[in-house]
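Colleague: need coordinates for the below:
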Amino acid sequence: MSVQCGEELLKKLPSLEGAMPDEVKNFIALQSDIHNTSKVIEGEFLDLLAQVESKQQWAIGPILPIKLNHISNRNNICLEWLNKQPPRSVLYISFGTSTTFSDREVMELAMGLEQSKQKFIWVLREADRVDIFTGESRKHVFPEGFEERVKGVGLLVREWAPQPEILAHSSTGGFMSHCGWNSCIENITMGVPIAAWPMHSDQPRNSFLVTEILKIGLFVREWEKREELVSASTIENAVRKLMASEEGDAIRKRSEELGEAVRRSTEKGGASRMELDSFIAHITR
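Modeller: Numbering: from 1, shown residues only. Below you'll find the predicted structure:
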């Protein structure tokens, strides 16, 4: 897959201002030349990086299991629920373990999901359930009657969920995410389109990669509007566009094609396998 990153597109690249402390930026700058990505995804940029730094870069990813043949046998409520849904019909929603939503944001997201009338699995992780400063549990406040109304349409999960298996499931048709890189590489590998909602750190630029360059996703909220409350109607429109529109179908098709190419890259003779062999040869010479 070849991408073209022209001058106009580069002007839209999100600034890292406000995304992370300087200490984190400095730490990232010290990282090694081994990357959990694939040349199928970022080949042109890795080649540029190698030129700028005058040293070889190795893209040995994705560093995660590719063949999840045990999905149908896994005893998990998410997978059992997905087994009963039509192909590519479910939106998976998870914002990782380092993102906290306010009560108002949770309310807007709940209303947007309900109004979209699309099937969903919403994982409410620890960062959303606990005050990290006091350790006190926090109870989510949903619109009155929300959980009853969405039964059969949506599944609320308050514990750990097997994300790679959910993304690899044939009933999963989209992923609403903060766009942390681990989540991005998982969704890219499994061929699932993304509804991007970046929060901090590397997420603004990861979301730019998947939406503007790879074109396998769309924004729920762009980084430049991070101070604004995302309304239920905005969420509803983004979900409908991704899950129930021709534009969403086109995004999904590109996602599936890229996912297939990334998975092939890990096989013998593939780009990532060759990168790994090259790295092993380099450190054992």
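
Colleague: C-alpha only now, for contacts and for neighbours.
Modeller: OK.

Colleague: scan this structure for its longest helix.
Modeller: helix 246-265 (DSSP state H).

Colleague: same question for the helix or strand following that one, mean pLDDT?
Modeller: Helices and strands here follow DSSP states H and E; after helix 246-265, the next one along the chain is helix 271-283. Averaging pLDDT along helix 271-283 yields 93.

Colleague: show me where the chain has strands.
Modeller: Applying DSSP state E to the chain gives strands spanning 34-35, 58-59, 90-94, 119-123, 154-157, 172-177, 194-196, 217-219.

Colleague: packing partners for the last one?
Modeller: On a contact count with 3 or more C-alpha pairs under 8 Å, 6 or more residues apart in numbering; DSSP states H and E, strand 217-219 meets strand 194-196, helix 232-243.

Colleague: switch to 10 Å and redo it
Modeller: Packing contacts for strand 217-219, counted by 3 or more C-alpha pairs under 10 Å, 6 or more residues apart in numbering; DSSP states H and E, involve strand 172-177, strand 194-196, helix 203-208, helix 232-243, helix 246-265.

Colleague: repeat for the longest one
Modeller: Judged by 3+ C-alpha pairs under 10 Å, 6+ apart, the packing partners of strand 172-177 are strand 90-94, strand 119-123, helix 163-168, helix 181-190, strand 194-196, strand 217-219, helix 232-243, helix 246-265.

Colleague: please identify the most buried of these.
Modeller: Highest mean neighbour count of those: strand 194-196, a mean of 31 (counted as mean count of other C-alpha atoms under 10 Å).

Colleague: and that one, which strands flank it?
Modeller: Here strand 194-196 is paired, per DSSP bridges, with strand 172-177 (parallel), strand 217-219 (parallel).

Colleague: how far off centre is the shortest one?
Modeller: Here the centre of strand 217-219 is set off from its chain's centre by 10 Å, with C-alpha atoms, centre = their mean, to the nearest Å.

Colleague: for stretch 245-252, same thing?
Modeller: 17 Å.

Colleague: contacts for it, please.
Modeller: Residues from elsewhere that reach stretch 245-252 (C-alpha atoms under 10 Å, 6 or more residues apart in numbering): 88, 173-174, 191-194, 211, 214-218, 238-243, 253-256, 258.

Colleague: what do you get if the cut-off is 8 Å, keeping everything else the same?
Modeller: Here stretch 245-252 makes contact (C-alpha atoms under 8 Å, 6 or more residues apart in numbering) with 173, 174, 191, 192, 193, 215, 216, 217, 241, 242, 243.

Colleague: could I get the residues you listed in a markdown table, plus columns for distance to residue 41 and pLDDT?
Modeller: Supplementary listing: the contacts of stretch 245-252 in a markdown table, determined by distance: C-alpha to C-alpha, whole Å; pLDDT from 0 to 100:
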| residue | distance to residue 41 | pLDDT |
| --- | --- | --- |
| 173 | 20 | 98 |
| 174 | 19 | 98 |
| 191 | 12 | 97 |
| 192 | 14 | 98 |
| 193 | 14 | 98 |
| 215 | 11 | 97 |
| 216 | 11 | 98 |
| 217 | 14 | 98 |
| 241 | 24 | 98 |
| 242 | 21 | 98 |
| 243 | 23 | 98 |
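
Colleague: can I get those in a markdown table including distance to residue 163?
Modeller: Output for the contacts of stretch 245-252, formatted as a markdown table (distance: C-alpha to C-alpha, whole Å):
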| residue | distance to residue 163 |
| --- | --- |
| 173 | 13 |
| 174 | 12 |
| 191 | 13 |
| 192 | 12 |
| 193 | 14 |
| 215 | 22 |
| 216 | 19 |
| 217 | 18 |
| 241 | 23 |
| 242 | 19 |
| 243 | 19 |
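
Colleague: list just the nearest of these to residue 268.
Modeller: Using C-alpha to C-alpha, residue 191 comes nearest to residue 268 of the contacts of stretch 245-252, at 20.3 Å.

Colleague: was I right about the closest one contacting residue 256?
Modeller: Yes: counting by C-alpha atoms under 8 Å, residue 191 does reach residue 256; the two are 4.1 Å apart.

Colleague: roughly how far apart are the closest residue to residue 115 other than its chain neighbours and residue 230?
Modeller: In space, and not counting its chain neighbours, residue 115 is closest to residue 236: 6.1 Å by C-alpha to C-alpha, 6 or more residues apart in numbering. Distance, residue 236 to residue 230, by C-alpha to C-alpha, to the nearest Å: 10 Å.
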